[in-house]
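[1] Sharing a model prediction with you, sequence too.
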Amino acid sequence: MKHLFLSMLFLLAGAFSASAQNDAITRFFNQYAEDERFTVVYIAPKLFHLAAKIETDDEDWNNIREIVKDLGGLRVLVADSIEDGVALYKSALSKVPTGEYSELLTVRDKDEHVRIWTKDSGNIIEELLLLVGKPDEFVMLSFTGKIDLDKISELSKVLDVKGADQLDKLKSKDNKNEEGKN
Amino acid sequence: MKAIQVIIAFFLTVNVLQAQDFGLYWKYKDYDGAIAVSVPRWATFVGSAFMDEKSERQLVRKIRKARVLFFEDGSPFSQRDLKKFVRKSKRRGLDDLVTVRTGKTQVRVMAKSRRSTIKKVVVLFSSPEGAGLVTVKGKFRLDELNKVIEKSSKSKKKDGSPSIPNLPKVPVIRA
């Protein structure tokens, strides 16, 4: 009885801490959702599901369909005319639950900071978080769902969102890894 | 007795119609500067006759009712009413598809769907330049949408323009 009670307590504690970690990112989005310096975009899973059901003979569309069919949602927070882009980047960075996310890519080029994290469950990537910080620019982009890293960079061509081009770095990283192996 | 029945039926109909737009259209349609258009089914049917493409014509004929409410100078919608509208919409089965806010401009697209059929689409936008609400009710099957997309992508490909429909373009704020 005691064991059962303790294991239930642990389960509940685990569930609460997981939701609290997730909430940190959501809270950050919500904090700036009404701030007029930022552009906020939210694409609901429903739109991806509906888009995935649209079948045509068009090859380009079918490629995109393959990518979006497993996507759960997309949230974007962008600002390109701010003075404290790097400070915001650092603030967002401190809120990322590092225990839950694994770092995939880090780039620092002069004043430009780029970081990409993923949240995995076994072999499946459940969330991809992109952070870009420049002195006058800040981008936070979060994809959820089943994410294929090879294909997600393709979305940057379709998404006309500032900072989404940073996803191309994933592709170049993979290419470099493959070249290194050869 | 018959008069009472007619009155009851009238009030019931009015309530049902108001429920379709969750109050926002009916509250603001008589405001100063409002352009309110309600397109009944027969009008879309007649209008579709002038369309060249068969697939587009068929899709337009699926519209049961369309309502447009537009304000040219600013947004008269109060935050309270907008929140109430969204709350009511969600309660009646509409889901958010896309939400975009840039500066003082906000766009929200919601839809009600069942399996592979879209039953209602609501677009709500507000900005300092204008605001509006568009609701389209009908039964749009995704395979019918496929046909229209396919047709338009083929015609666009002939022009050399890209066929992939762009996801929402995010305008960037200029300080």
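    Happy to help now that I have it.
[2] what is residue B:38 paired to in the beta sheet?
    Beta bridges link residue B:38 to residue B:67 when assigned by DSSP bridges.
[3] how far away is it from chain A?
    Distance check for residue B:38 against chain A: by CB to the nearest CB, to the nearest Å, it reads 26 Å. C-betas here are computed from N, CA, C, even on glycine.
[4] okay but that residue is in contact with residue B:67, surely?
    Yes - under the criterion of CB atoms under 8 Å, residue B:38 makes contact with residue B:67 at 5.0 Å.
[5] okay, the two: which has more neighbours?
    Between residue B:38 and residue B:67, counting by other CB atoms under 10 Å in any protein chain shown, residue B:67 is the more crowded of the two (21 against 15).
[6] Please name the nearest non-neighbouring residue to residue B:47.
    Nearest residue to residue B:47, sequence neighbours excluded (CB to CB, 6 or more residues apart in numbering or on different chains): residue B:60, at 6.7 Å.
[7] So what's the residue count around the one you found?
    So residue B:60, with other CB under 10 Å, has 19 neighbours.
[8] which residue ranges form the strands in chain B?
    Secondary structure of chain B by DSSP state E: the strands cover B:34-39, B:63-71, B:95-102, B:105-114, B:117-127, B:130-141.
[9] Mean pLDDT added to those strands, as TSV?
    Below are these laid out as TSV (pLDDT from 0 to 100):
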stretch	mean pLDDT
strand B:34-39	90
strand B:63-71	91
strand B:95-102	91
strand B:105-114	91
strand B:117-127	91
strand B:130-141	90
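[10] Tell me which of these lies nearest to residue A:29.
    strand B:95-102 (11.4 Å; CB to CB).
[11] Can you name every helix or strand that that closest one contacts?
    Contact analysis of strand B:95-102 by 3 or more CB pairs under 8 Å, 6 or more residues apart in numbering or on different chains; DSSP states H and E lists strand A:39-43, helix A:45-53, strand B:105-114 as its packing neighbours.
[12] Give the residue spans of chain A that score low on pLDDT.
    For chain A, applying pLDDT under 70 flags the ranges A:1-23, A:156-164, A:170-182.
[13] Residue numbers of it in contact with chain B?
    Contact residues (CB under 8 Å from any CB of the partner chain) of chain A with chain B: A:33-34, A:36-44, A:46-47, A:50, A:53-58, A:60-61, A:64, A:76, A:78-82, A:158-162.
[14] Mind giving me the ChimeraX command for buried ones among those?
    If you want just the buried ones from the residues of chain A next to chain B in ChimeraX, going by 16 or more other CB atoms under 10 Å in any protein chain shown, the selection is:
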select /A:37,38,39,40,41,42,43,44,46,47,50,53,54,56,58,60,61,64,76,78,79,80,82,158,159,161,162
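[15] Residue A:39 contacts residue B:102, doesn't it?
    Yes - counting by CB under 8 Å, residue B:102 is a contact partner of residue A:39 at 4.1 Å.
[16] What's the separation between the residue nearest to residue A:169 when sequence neighbours are not counted and residue A:155?
    Excluding the flanking residues, the one nearest residue A:169 by CB to CB, 6+ apart is residue A:105, at 5.9 Å. Plainly put, residue A:105 is 16 Å away from residue A:155 if you go by CB to CB, to the nearest Å.
[17] Compare those two (neighbour count), which wins?
    Using other CB under 10 Å as the criterion, residue A:105 and residue A:155 rank with residue A:155 on top: 19 against 16.
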